[in-house]
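Enquirer: fold the stuff below for me.
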Amino acid sequence: MSLPLAGQTIWLTRAEHQNAAWARSLEEAGATVVLEPLMAIEPVTDRQTAYRELMQAANADRLLATSTNAVDAAWQLMPGFAPTGRLYGVGSASAQALEAAAGRTVERPAGAFTSEGLLAMDTLTDVQGLDIAILSGEGGRNLLVDMLAERGARVRKTALYRRRWLTPRRERLAQLVRRADTVIVTSGEALTHLCDIVDTGADKGLRADLERCRLVAPSMRVVKQTDQRLNWQHAPLIVERISGEAIVAALARLSTGDRQ
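Expert: Take a look at the predicted model:
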C-alpha cells in the first residue's frame, strides 16, 4: 500500500520545540521532512512586569490564550498560576494546553479557530464592564484587544514570550527552496520573514524556487499579507484547524485530486 505523501519533501518552519509531532505525522504518511525553523521562542526581557500582569490576570473575569507558547510561558513564569475566570483558547491546541495547565474546562470557537471565531462566541459578545486578560506573545494582531474594548470590556494583553527570527545561511536557504515541494508557515509574521530573507541578496532564483513550492497556511489572511510580493504557482493550501494530522489529510486529498 503506497503512502499518501510518498515522494514529497516538506519544509517545517515552526520553532524547533514545536516541530516533532508534525514531523512524525508527515513522515508516517511517507513525506521527507526538512526541519529548518525560522523562529525561536524566548522569554520576554521584562519578566517582572509580565509576572505582575499575570497576577492580575489570575482574577480576570475572562482569560484568553492565543497560543500554546503563551500557556507554556505563563506556567513557566508562575508555576502556581490559577486563573479563576472563564477560560478560552483561540485554537484547539491552545485550548487543550490551557485545559491541561489549569485543570479546568476551556471554551473554544465551534467554527474557525481564529480571533474572529473567538469573538463570535456568545459568551464574549456581552462583556460590558468585565475584566479580560489575554495571554499572548510580543507583537501580533490586536484584533481581540480592540474588539473586546469596543464591547465595553477592560482588556489587558500580557506578552509572555518573544519571537526571535532566524535566517538560514544563503547556501542552506537555496538548498531548502530548491528541494522542498511544500513549505508550511503558521503565521503572517513567519511568512513575511520568509519573504524578507528570500528577497535579500542578488540571487533572484531563490524567489522563483520558493514560488514553485506549495504553501500551507492557517488562513487566507496570512497569505494576503504577502500576496503583492510572491506569485505562488499553486493555490495556497489553507488548513484552518492546523495540526500535523490535518496537514497530512489536506495534502493527501490534493495528491488524489480530491479537493473536498
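Enquirer: quickly list the domain ranges of the chain.
Expert: As recorded under automatic domain parsing, the domains making up the chain are 9-38+166-255, 42-163.
Enquirer: now mean pLDDT and distance to residue 3 too, for the ones you listed, in TSV please.
Expert: Every C-beta, even on glycine, is put in place using the N, C-alpha and C of the backbone. Putting the domains of the chain into TSV (pLDDT from 0 to 100; distance: least, C-beta to C-beta, whole Å) gives the following:
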stretch	mean pLDDT	distance to residue 3
domain 9-38+166-255	90	3
domain 42-163	94	25
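Enquirer: reformat these as CSV; add mean neighbour count.
Expert: As requested, those are arranged in CSV below (neighbours: other C-beta atoms under 10 Å):
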stretch, mean neighbour count
domain 9-38+166-255, 17
domain 42-163, 18
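Enquirer: you'd agree residue 99 is in a helix?
Expert: Yes: using DSSP: H, G, I helix; E, B strand; the rest coil, the secondary structure at residue 99 is a helix.
Enquirer: does it touch residue 93 like I think?
Expert: No: assessed by C-beta atoms under 8 Å, residue 99 is found out of contact with residue 93, at 10.7 Å.
Enquirer: got the domains of the chain as CSV, with distance to residue 2 columns?
Expert: As requested, the domains of the chain are exported to CSV (distance: least, C-beta to C-beta, whole Å):
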stretch, distance to residue 2
domain 9-38+166-255, 7
domain 42-163, 30
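Enquirer: run the chain-centre distance for stretch 33-52.
Expert: Computed by C-alpha atoms, centre = their mean, to the nearest Å, the separation of stretch 33-52 from the middle of its chain amounts to 13 Å.
Enquirer: that stretch spans what distance, first to last residue?
Expert: 41 Å (C-alpha to C-alpha, to the nearest Å).
Enquirer: ok, the closest residue to residue 9 other than its chain neighbours - contacts?
Expert: Once its chain neighbours are removed from consideration, residue 9 has its nearest residue in residue 32; the separation is 4.6 Å (C-beta to C-beta, 6 or more residues apart in numbering). If a contact means C-beta atoms under 8 Å, 6 or more residues apart in numbering, then residue 32 has 8, 9, 10 as its contacts.
Enquirer: against residue 8, how distant is residue 32?
Expert: Separation of residue 32 from residue 8 (C-beta to C-beta, to the nearest Å) stands at 7 Å.
Enquirer: isn't residue 25 up against residue 246?
Expert: No: here residue 25 lies out of contact with residue 246, judged by C-beta under 8 Å, at a distance of 9.2 Å.
Enquirer: residues touching stretch 142-151, excluding its own?
Expert: Counting by C-beta under 8 Å, 6+ apart, the neighbours of stretch 142-151 from elsewhere in the structure are 64, 66, 115-116, 118-119, 124-128, 132, 134, 155, 157.
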